[in-house]
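**Q** Give me the fold of what follows.
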Amino acid sequence: MIYLIAFLAGAVGAGLGCVAGFALGGVLAGVFGISGFEGGAGYFTASIGILAGFIGLIAGIVLALRYKGGYRGFIALAGRTIAVLIAAAAMVTAGALVRLATVEHFSDGNPTLEFEIRLPAGMPAPERRTIDFEMQAGSQRSGGQFNSEWMRREQNRVVLSGFVPLYTRTSSRILVVTLPDQPKLLFQIGLSATPKKSEDYGKWQMVSFLHDTKQDGAPRNPRQDENFEIRLKVPDWTRPYVQPTCAPSGRECPAK
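**A** From the prediction side, this is the model:
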């Protein structure tokens, strides 16, 4: 019980120490003339706050052990303080791992985004080996694959078909498509962090941005004649998965 009391006392001490440290850091930054340019004053204040919080953490634990636990000797206090710190670090680490596992990743398998990309009218069909798909989701990068029926025609427009696994729960996803002699196509995928399941494709959507990789500069809006379009669906990934057949391209389908 005393260790729980010491842990709670340390948490209170850390909180009070941080508050006092941030206040003191703000005052000292002004006294020492530390400029706010490029965040200098802010970094200094944060450093003082963190240091004061750590001191408050130790002080809270030691005071609880001394006055509630009755420990007086240096060795007895130091050993038990270290034990409380290790237990606190283990709890924080476990909490962080659980948070990452439940927030950033799917707990019931990985969805697969299936998509079709429609090229502008009259644009010739590209060779399969010259096409590349990549999903960018935060720091996660995952390569796309072709379906077995990877290309068809709708009147005078070519339609490409593929899929890509979704490993990360985020609403910030961009599908990057590389075609020969064309700017990179950047499709912003308008799905929630946990996508809505659907067995049918949604509506066609215009490409979000184009990036002329041979020129310097940021991605740009597409011109009227650059009407690359995409539609997509995310089948129910909690049911037995039937993986789309990959076209023979020398790459394996992503494991499921």
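
**Q** Would you point out the helix or strand in this protein whose mean pLDDT is lowest?
**A** The weakest-scoring helix or strand in the chain, judged by mean pLDDT, DSSP states H and E, is helix 74-103 (a mean of 80).

**Q** Buried residues in that one, which are they?
**A** 77, 80-81, 84-85, 88 (16 or more other CB atoms under 10 Å). Glycine gets a C-beta too; all of them are placed from N, C-alpha and C.

**Q** Including distance to residue 161, could those residues go into a markdown table?
**A** Below are those laid out as a markdown table (distance: CB to CB, whole Å):
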| residue | distance to residue 161 |
| --- | --- |
| 77 | 68 |
| 80 | 64 |
| 81 | 62 |
| 84 | 58 |
| 85 | 56 |
| 88 | 52 |
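
**Q** Give me the secondary structure label for residue 116.
**A** Under DSSP: H, G, I helix; E, B strand; the rest coil, the three-state class of residue 116 is strand.

**Q** Do I have it right that it meets residue 230?
**A** Yes: using CB atoms under 8 Å, residue 116 makes contact with residue 230 at a distance of 7.0 Å.

**Q** Show me how this protein divides into domains.
**A** 2-103, 112-233 (automatic domain parsing).

**Q** start to end distance for the last one?
**A** The straight-line separation of the ends of domain 112-233 (CA to CA, to the nearest Å) is 9 Å.

**Q** With stretch 62-71 instead?
**A** 9 Å.

**Q** Show me which residues of it are buried.
**A** For stretch 62-71, by 16+ other CB under 10 Å, it's 62, 64-65, 69, 71.

**Q** Give me the subset of the residues you listed that lies in helices.
**A** Counting by DSSP state H, these place 62, 64-65 in helices.

**Q** Out of those residues, the closest to residue 160 would be?
**A** Closest to residue 160 out of those is residue 64 (65.1 Å), distances taken as CB to CB.

**Q** contacting residues for residue 29?
**A** For residue 29, the contact set (CB atoms under 8 Å, 6 or more residues apart in numbering) comprises 41, 44-45.
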